[in-house]
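# Prediction below, plus the sequence it came from.
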There are 2 protein chains.
Amino acid sequence: MDDGVPLLTLVPEHGSPRPPEPVARHAPVGSRILSRILIEDVYPELDGGRYPVKRIVGEVLEVWVDLLRDGHDEIAAVLKYAADGEAWRETRFRHHDNDRWVARVPLDRIGRWRYTIEAWHDRFETWRRDVAAKLEAGQSVALELIEGRALIEAAIIVAAPADAALLQPLLTNITAAEPARRARMMLSNRLRAVMARSGERGDISRYPRALEVVVDRPEARFSAWYEMFARSQGRVPGKSATFRDCIARLPEIAAMGFDVVYLPPIHPIGRVNRKGADNSTTAKPGEPGSPYAIGAMEGGHRAVHPELGTLDDFSRFVAAAAGHGLEVALDFAIQCAPDHPWVREHPNWFRFRPDGSIRHAENPPKKYEDIVNVDFECADRVALWNELRDTVLFWIGQGVRIFRVDNPHTKPLPFWEWLIGEVKTRCPEAVFLSEAFTRPKMMRSLAKAGFSQSYTYFTWRNTKAELTDYLTELSQGWGKEYFRPNFFANTPDILPFYLQQSGRAGFRIRLVLAGTLSPAYGIYNGFELCENVAVPGREEYLHSEKYEYKVWDWDRPGHIKDDITILNRFRRDNPALAELSNLRFLVCADPNILAYMKASADGANTVIVVVNLDPHCSHRGTVMLPFADADFEEAFSGRTLKARGRALRVTLDPARQPALLLRLKHVAAR
Amino acid sequence: MDDGVPLLTLVPEHGSPRPPEPVARHAPVGSRILSRILIEDVYPELDGGRYPVKRIVGEVLEVWVDLLRDGHDEIAAVLKYAADGEAWRETRFRHHDNDRWVARVPLDRIGRWRYTIEAWHDRFETWRRDVAAKLEAGQSVALELIEGRALIEAAIIVAAPADAALLQPLLTNITAAEPARRARMMLSNRLRAVMARSGERGDISRYPRALEVVVDRPEARFSAWYEMFARSQGRVPGKSATFRDCIARLPEIAAMGFDVVYLPPIHPIGRVNRKGADNSTTAKPGEPGSPYAIGAMEGGHRAVHPELGTLDDFSRFVAAAAGHGLEVALDFAIQCAPDHPWVREHPNWFRFRPDGSIRHAENPPKKYEDIVNVDFECADRVALWNELRDTVLFWIGQGVRIFRVDNPHTKPLPFWEWLIGEVKTRCPEAVFLSEAFTRPKMMRSLAKAGFSQSYTYFTWRNTKAELTDYLTELSQGWGKEYFRPNFFANTPDILPFYLQQSGRAGFRIRLVLAGTLSPAYGIYNGFELCENVAVPGREEYLHSEKYEYKVWDWDRPGHIKDDITILNRFRRDNPALAELSNLRFLVCADPNILAYMKASADGANTVIVVVNLDPHCSHRGTVMLPFADADFEEAFSGRTLKARGRALRVTLDPARQPALLLRLKHVAAR
């Protein structure tokens, strides 16, 4: 695809030394109407409307706003809204309290919606209120009735034909009526309703910005991911697996209850400066190299590694996954091996040194000789950016809808905003996961730029205080409007120290935390086997499959596949776990026991999770509940638990069952 | 003055049905440079730059910002700033922590300043850091040195001549040097400093908005006001005082330490529907009417009531006040009596009923027959708005710089933004006090629109919890950037129930609270005499001087002029009291004792105030101090108080001395 020039986020002129003017305060006097109503403090609005907020299809968008007008007259307002490509519609705001108004819109389709606000001076409602007050006080309203009739006459002119046809006979009757009856007729609820709908919108004020909300499919927030190296799914040591081997693994993954199968890069791997086993700078003959050194003579980002199979084999894998209810996620890693076809075909996309050599990736003094980075600012960047976008669209053409993006924080934020916007315009179902383990503001900015989900610091949050603080920030802070966590318990790059030292219980603990604290979570293959052998003193897997062929015994003794199956079923059975901002921590005095609750918006589903964070010792405690005398069903054991009053007594032995997955069955009192 | 058309804040087109477009995310590809640096979360920035924040001349403006760039390269940034009419200058941001940067600018003149931000990719600093890291690791930097020389060559082209003249010989020396010495020369601090100043600003990012700060003179925040009815300052019952009588009162007011003498309207008073004593709807012959029913055959808003004297007499009053170190504040009340000259000369500025009668002010069922309001939306509003602005400028021409604006919340916010902007462009020293006792958001919006000071709810905040909550909001909330309180203890319209019931002690308590909690405060004449006779069940003064001639005995027994004098001297002697956001409440267990501290920014001046809020009973308590073993000088008694450790024991008998004004003399330990 090459349909059109990419629209980059660029500054208008590099050389311009002129700073911007202040926000215009005054419009020329030629404008016709003075806008007396202030529209302020709109929620949701992210960075002055610079970025969209995010919602899930089927949710209701609640918009709150301050509306202020001088004096005592009545005002009215509508929320104007439109799904992408649809005409504007509108719904009324209602006054909540203290100049705060609210409107609600059901978000019934996926895509990028926009919304804005209009408010006006409601002259008829003001008139009606004043006349009622004067009648109540026994004052004459003779002049007021004449003025009211003028308002109705004006409405007839601007009203829709149907409303004008209602108003005309009402006005005729009023004019014909005895003066004594006129006031009552003009204060009727029927006239009020028609005038509210069709009366003139005098002194209209418009919010100067259209705000946006990206409405995603539910999987953008809620899904369980299983990450696997395609080449490690076989049974022959020293040899790459194929997509056929991957297909053979799907029933087991589906049985564990996952929603997404995510594959690190499946493309041809460069030969120049190829990495050997254990990240050695030189590969021995026959070593496969890192799949993140993408591209070789067999092809680049649109090709499949010949050892895995053909593009057709990949399509069969995608179809087989779908048959098991699984979606396939691909890695989108923009770096290239030095022998990637782009380097030969588009040398102007790369940077070269004074001696004519290509510039490798580096972070001095660290060097990454098997990788070269594209130059996003190169003179030929229109072609480069288009090619990258079209690469994503190519895989969408192969049936992929989910992309895990490698290290997005080392590529320009405006590039991501452009690329994700371009792709989602063509495929609104696309989901992008940001793999940015970096500084907090950069992680948030990537989410603002458009990423649907983000890796997080969860991997290093272990204690009760750490988890409570971090999850409070994620679920209650402003980020909840746009930053959706995906809690990976491990990754090919991260075997956390906690898992290295905690044994099987630790894996069970981290599984429950990841899968119930965050709506989206994932594990990387080996987690289910409690694989915990690291390079000493580091969070790297020993003999990582990133650099070699690997064969796993997926039924190795000590695995926790039963736990995973139960957890994923619990997630699917309890819609409360599909949300993040409903998380509430519960008080439990024991510092090792973390307890929290999630309830669905309609109150029909309530879940409580209690976890012993200490993988080595049994702990007991009392969890304080927000309701009394409740019955729960516990998912791991199948037992029924009863709370006495508002206290739930728990004892959690990590060797037996380190966590409770409780679904509320019945409450005696709230 | 009628120099030009007023620039109104207006919506462009009433009839336009098209909602705004979303904030542009993408600029056309024709733009030359990709802007990779994000400039976000600027402080201070009010409502996306829509309104200026406020500061006082002599203060330092601190600007904070998040700067984010992908990858690992170094960035640099400047704050660009300009006082009104001056050229842009710039100062460097320095990195504080976690992608947060800060810059500081001394605000050395009154007026409307603007500021914005530029950031860029600092290629030389990045190069320098990387070369140092490689040298440290023993790696070759031969190619890097060539690349570094290219950066210096590029800098020579764009640098100011003086810097180019420094760089050129450095470059020559580097080129001539032994390769082994080159790296050290290129990493020199001298080269670094010149390159930081003059190196190319690559990939420049500009904040899209210029933000504004209104810099006022100190009196806009800190002043003590004395409000007096001009016509009540004489000695002959049933007869109006004159400006000569007012001049005679100035020595006493100055001796009490006030900074501002504020006069309710001094203009001719309408005769049509004139109010009589006690707000009677009909005036008896000889009754003077309310000064807020402005305008009669003798003149309107630019005229002086003949009973008070001439315009020359007023000028003598202003000059005499200045001679006592007092400024005069005038009332700006836009309503008109039905016989105001404007009604005759500009009937199109007013609204008429269907029977041809003029529309009086009303708030049904309440009617205000002695007042008509101008129609700010009238077809001839350009002339109307100009006339109102020029009225203010007329009084500025008479030497008045401070205006207390009556009921601004019943006039359009865009009108105030326009009027105050227009006046302050011509007279940056002008100060506007908003008398809006209305809903909180409207009060804040008036302050955003430009009012320098605002009346507050202080008048009705009496308990420890009420005062602590309200002052925390005012001094620590976002409003502190633009909303400056003026704590009036009473007004002609408000004799609070607390003062009606609290006796002399209550007046002393409220005086201390008003004058030390808020930098600006005021009393209305009679307060110093503890006048507390109200219309039963209401907060109105009995036989209010708003509707009749009044004569006061300014030395009536029981007055508290000594307290006022001591308080105002204490305010002037302690610069900490000139600020609001430095307010900190101190812990004291007794619910009747309120204690708080203010310290100046440089720490040189610290004040602690302790008040017994109960006017009837003595209370004792222990105030917890943030430092130990301090000595204080108490202003009312002149005694020295000593704290033992961090505890200050106090006993406050309202009959003797309900409050302590403590100035810190010496601290043994912090």
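Good, I have the coordinates. Residues are numbered from 1 along each chain as shown, chains lettered A, B, ... in the order given.
# Centre of the chain to the longest helix seen in chain A, how far?
Secondary structure of chain A per DSSP state H: the longest helix is helix A:497-517. Its chain's C-alpha centre and that of helix A:497-517 lie 24 Å apart, by C-alpha atoms, centre = their mean, to the nearest Å.
# Enumerate the residues of the stretch 101-250 of chain A near chain B.
For the stretch 101-250 of chain A, the contact set with chain B under C-beta under 8 Å from any C-beta of the partner chain comprises A:114, A:116, A:118, A:129-131, A:133-134, A:136-137, A:139, A:143, A:146-147, A:203-212. Every C-beta, even on glycine, is put in place using the N, C-alpha and C of the backbone.
# Go through the longest helix of chain A and flag the buried ones.
Buried residues in helix A:497-517, counting neighbours by 16 or more other C-beta atoms under 10 Å in any protein chain shown, are found at A:498-499, A:502-517.
# what mean pLDDT does that helix have?
When pLDDT is averaged along helix A:497-517, the result is 98.
# and what of stretch A:69-88?
In this model, stretch A:69-88 has an average pLDDT of 95.
# what about that stretch and chain B, touching?
Yes - using C-beta under 8 Å from any C-beta as the criterion, contacts between stretch A:69-88 and chain B involve A:70, A:71, A:72, A:80, A:88.
# From the contact counts, what lies against the very next helix or strand once past the longest helix of chain A?
Remark: after helix A:497-517, the chain's next helix or strand is strand A:520-524, criterion DSSP states H and E. With contacts defined as 3 or more C-beta pairs under 8 Å, 6 or more residues apart in numbering or on different chains; DSSP states H and E, the packing partners of strand A:520-524 are strand A:223-227, strand A:486-488, helix A:497-517.
# now with 10 Å?
Packed against strand A:520-524, as judged by 3 or more C-beta pairs under 10 Å, 6 or more residues apart in numbering or on different chains; DSSP states H and E, are the following elements: strand A:223-227, strand A:260-263, strand A:431-435, strand A:453-454, strand A:486-488, helix A:497-517, helix A:561-573.
# what angle do the helix or strand just after the first one and strand A:223-227 make?
This points to strand A:223-227. On the C-terminal side of strand A:223-227, the closest following helix or strand by DSSP H and E is helix A:243-255. Our comparison of helix A:243-255 with strand A:223-227, counting by axes from the mean of the first three to the mean of the last three C-alpha atoms, to 10 degrees, yields an angle of 140 degrees.
# which of the residues in helix A:243-255 are buried?
Of the residues in helix A:243-255, those buried (16+ other C-beta under 10 Å) are A:243, A:245, A:246, A:247, A:249, A:250, A:253, A:254.
# Run a quick neighbour tally on the closest residue to the fifth one other than its chain neighbours.
To tie it back to what came earlier, the one meant is residue A:249. Excluding its sequence neighbours, the residue lying closest to residue A:249 (C-beta to C-beta, 6 or more residues apart in numbering or on different chains) is residue A:233, at 5.1 Å. Under the neighbour criterion other C-beta atoms under 10 Å in any protein chain shown, residue A:233 is assigned a count of 25.
# Please verify my assumption that residue A:233 contacts residue A:554.
Yes - under the criterion of C-beta atoms under 10 Å, residue A:233 makes contact with residue A:554 at 9.0 Å.
# Identify the contacts common to these two.
Taking C-beta atoms under 10 Å, 6 or more residues apart in numbering or on different chains as the contact rule, residue A:233 and residue A:554 both touch A:249, A:525.
# if we can go back for a sec, for the residue nearest to residue A:249, give me phi and psi.
Taking degrees, to the nearest 10, you get phi -90, psi 10 for the backbone angles of residue A:233.
# So for it, what's the pLDDT?
For residue A:233, the pLDDT comes out at 98.
# measure it to chain B for me?
Per C-beta to the nearest C-beta, to the nearest Å, residue A:233 is found 34 Å from chain B.
# ok, now which ones touch that residue?
Under the criterion of C-beta under 10 Å, 6+ apart, the neighbours of residue A:233 are A:240-250, A:263, A:308, A:525, A:550-552, A:554.
# change it to 6 Å
Listed by C-beta atoms under 6 Å, 6 or more residues apart in numbering or on different chains, the contact partners of residue A:233 are A:241, A:245, A:246, A:249.
# same question, residue A:259
Taking C-beta under 6 Å, 6+ apart as the definition, contacts of residue A:259 comprise A:223, A:224.
# Next: residue A:480.
Taking C-beta under 6 Å, 6+ apart as the contact definition, residue A:480 lies against residue A:581.
# go with 8 Å
A:474, A:580, A:581 (C-beta atoms under 8 Å, 6 or more residues apart in numbering or on different chains).
# and if you look at residue A:130?
With contacts defined as C-beta under 8 Å, 6+ apart, the neighbours of residue A:130 are A:144, B:362, B:364.
# Quick check, residue A:145 in contact with residue A:184.
No - when contacts are counted by C-beta atoms under 8 Å, residue A:145 is not listed as touching residue A:184 (10.8 Å).
# Can you give me the distance of the residue in chain A sticking out farthest from the centre to residue B:508?
Distance from the C-alpha centroid of chain A, by C-alpha atoms, centre = their mean, peaks at residue A:178 (63.1 Å). Distance of residue A:178 to residue B:508, given as C-beta to C-beta, to the nearest Å: 64 Å.
# swap in residue A:654?
The spacing between residue A:654 and residue B:508, counted by C-beta to C-beta, is 67 Å.
# Beyond the helix or strand residue A:649 falls within, next helix or strand please.
Assessed by DSSP H and E, residue A:649 sits inside strand A:647-652. Using DSSP H and E, the helix or strand that directly follows strand A:647-652 along the chain is strand A:659-669.
# to the chain's geometric centre, what's the distance from that next one?
Relative to its parent chain, strand A:659-669 has a centroid offset of 29 Å by C-alpha atoms, centre = their mean.
# which strands and helices sit next to it?
Using 3+ C-beta pairs under 8 Å, 6+ apart as the contact criterion, the neighbours of strand A:659-669 among helices and strands are helix A:497-517, helix A:561-573, strand A:606-612, strand A:628-634, strand A:640-642, strand A:647-652.
# so which of these comes closest to chain B?
Proximity to chain B (C-beta to the nearest C-beta) singles out helix A:497-517 among the helices and strands packed on strand A:659-669, at 23.7 Å.
# just the angle between that closest one and strand A:520-524, please?
Using the same axes, to 10 degrees, helix A:497-517 lies at 150 degrees relative to strand A:520-524.
# Make a markdown table from the contacts of residue A:130 and add pLDDT to it.
Below are the contacts of residue A:130 laid out as a markdown table (pLDDT from 0 to 100):
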| residue | pLDDT |
| --- | --- |
| A:144 | 95 |
| B:362 | 92 |
| B:364 | 92 |
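# Only whichever of these are buried, select them in ChimeraX.
Paste this into ChimeraX to select the buried members of the contacts of residue A:130, with burial taken from 16+ other C-beta under 10 Å:
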select /A:144 /B:362,364
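# From the contacts of residue A:130, which land in strands?
Assigned to strands by DSSP state E, the following of the contacts of residue A:130 qualify: residue B:362.
# tell me the contacts of residue A:234?
With contact taken as C-beta under 8 Å, 6+ apart, residue A:234 is in contact with A:240, A:241, A:242, A:245, A:551.
# which of these sit farthest apart?
Largest separation among the contacts of residue A:234 by C-beta to C-beta: A:242 and A:551, giving 13.3 Å.
# These two - which one has more neighbours?
A direct count of neighbours by other C-beta under 10 Å for residue A:242 and residue A:551 places residue A:242 higher, at 21 against 14.
# ok, the more buried one touching residue A:306?
No - taking C-beta under 8 Å as the contact criterion, residue A:242 and residue A:306 are not neighbours in contact, 9.9 Å apart.
# Phi and psi next, for residue A:394.
Main-chain torsions, residue A:394, degrees, to the nearest 10: phi -60, psi -50.
# Just the element for the residue nearest to it when sequence neighbours are not counted, please.
Once its chain neighbours are removed from consideration, residue A:394 has its nearest residue in residue A:302; the separation is 5.1 Å (C-beta to C-beta, 6+ apart). When elements are assigned from DSSP H and E, residue A:302 belongs to no helix and no strand.
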